[in-house]
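The sequence and its predicted three-dimensional model are supplied below.
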Number of protein chains: 2
Amino acid sequence: MPVRAAQFPFLHETGHRLTTPRRRILDVLPATPTSAQELFGMLRRKGVKSDLVTVYRTLDLFTRLGLVQKTQFGDQTARYELVGATGHHHHLVCEQCGSIEDVPLDEQMLLGQVGKKSKFQVTRHTLEFFGRCIKCQ
Amino acid sequence: MPVRAAQFPFLHETGHRLTTPRRRILDVLPATPTSAQELFGMLRRKGVKSDLVTVYRTLDLFTRLGLVQKTQFGDQTARYELVGATGHHHHLVCEQCGSIEDVPLDEQMLLGQVGKKSKFQVTRHTLEFFGRCIKCQ
DNA sequence: GTTTTTGCAAACTTTTTGCATGCGG
DNA sequence: CCGCATGCAAAAAGTTTGCAAAAAC
């Protein structure tokens, strides 16, 4: 598990503790956008006793540390995904079946366009596509 | 008010009724992302008695009709804006003061990139930038 | 007249907060 | 041991639903 080994120092370096709940959440966190409730369910199913509040707090911490990326699609649910090996990418969200496909895109040009049009200092961005997946067409 | 005059037939054509609450909401709806609560407050301040539930239902209808665009930034609040004259555009959201700047971008290239990499059929997309506005830098 | 829409109450979902207890370093 | 982190209970915030009364057409 190179991912886990690589993530742990991250906590210590920033003055946070490596606790069992945090390790468990890191164990199940996929690289696909997943809600806190879903993660909580995944832990339960693995027989790990956990608390939804801890899941939220941990995801918030991981997001602040840059380990996790938080996204929101149409609904009012936040989704979290491990940034890990896959790196920065975007999503194709099927409005019929809810499936999510990852897609890497080169958006340098967009950032360049923004820079030309405004003095706004961009630190991050979200880019999501909605429509029909191959199966639902 | 060319906007209002242009919007109203939209309702009738799709079998919906032109009611006072809908007209009032259209009156205050800005072309900048605004939450249901905020709109409700704007109506109150104008002395218009209204109901938050009606605001939600109306915004949902307008969104389905394409009059309004729904977006969600980091928080769990949905924001709605009139699509009207400004047309499709994106947002620069300041994470310090919450101000929102509009920015028109040419994203054809991105859609082209998606088309090359996947058979997914894109119907709409969201693209938001976060960072520091000019004042907050 | 009859069908859509509204307003109110209440439910529901997701997320946040407060605080005593527990665990990591 | 000291202090950050957890778990529990409860609250907050945002949104949705059911239903009788009102208003469009």
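On my side now, so go ahead. Numbering: from 1, shown residues only, chains lettered A, B, ... in the order given.

how about the residues of chain A that lie near DNA strand C?
A:12, A:17-20, A:35-37, A:52-53, A:56-57, A:60, A:76-78 (CB under 7 Å from any atom of the strand). C-beta here means a position set from N, CA and C on the backbone, and glycine is covered the same way.

The strand ranked longest in chain A - what's its average pLDDT?
Criterion DSSP state E: the longest strand present in chain A is strand A:121-132. Across strand A:121-132, the average pLDDT comes to 92.

That one close to chain B?
Yes. Strand A:121-132 is in contact with chain B by CB under 8 Å from any CB of the partner chain, via A:121, A:122, A:123, A:124, A:125, A:126, A:127, A:128, A:129, A:130, A:131, A:132.

Now that strand: buried residues?
A:121, A:122, A:125, A:126, A:127, A:128, A:129, A:130, A:131, A:132 (16 or more other CB atoms under 10 Å in any protein chain shown).

again, but for stretch A:82-93
Here stretch A:82-93 shows A:82, A:83, A:84, A:90, A:91, A:92, A:93 as buried, counting by 16+ other CB under 10 Å.

which residues does residue A:88 contact?
A:69, A:104 (CB atoms under 8 Å, 6 or more residues apart in numbering or on different chains).

The residues of strand A:121-132 next to chain B: which two are farthest apart?
Maximum pairwise distance among those (CB to CB): 36.1 Å, between A:121 and A:132.

picking that back up, now the residues of strand A:121-132 next to chain B as CSV including distance to residue A:106?
Listed next are these as CSV, based on distance: CB to CB, whole Å:
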residue, distance to residue A:106
A:121, 21
A:122, 16
A:123, 19
A:124, 16
A:125, 13
A:126, 16
A:127, 11
A:128, 16
A:129, 15
A:130, 20
A:131, 20
A:132, 24
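
and which of those is nearest to DNA strand C?
residue A:126 (14.6 Å; CB to the nearest atom of the strand).

on that earlier part again, just the closest of the buried residues of stretch A:82-93 to residue B:43, please.
For those, the nearest to residue B:43 is residue A:93 (32.4 Å; CB to CB).

Doesn't the closest one lie inside a helix?
No. Counting by DSSP: H, G, I helix; E, B strand; the rest coil, residue A:93 is located in no helix; its state is strand.

Who is the most centrally placed residue in chain A paired with across the strands?
Geometric centre of chain A, nearest residue: residue A:81, 2.2 Å, by CA atoms, centre = their mean. Under the criterion DSSP bridges, residue A:81 forms beta bridges with residue A:69.

residues touching it, list them.
Residue A:81 neighbours (CB under 8 Å, 6+ apart): A:29, A:30, A:31, A:32, A:33, A:34, A:68, A:69, A:71.

And residue A:101, by the same measure?
Here residue A:101 is in contact with A:91, A:92, A:94, A:133, B:118, B:120 (CB under 8 Å, 6+ apart).

which of these lies closest to residue B:41?
residue A:91 (33.1 Å).

For that closest one, give its distance to DNA strand C.
16 Å (CB to the nearest atom of the strand, to the nearest Å).

Any idea what that residue is bridged to?
residue A:102, residue A:128.

Nice, that's everything, thank you.
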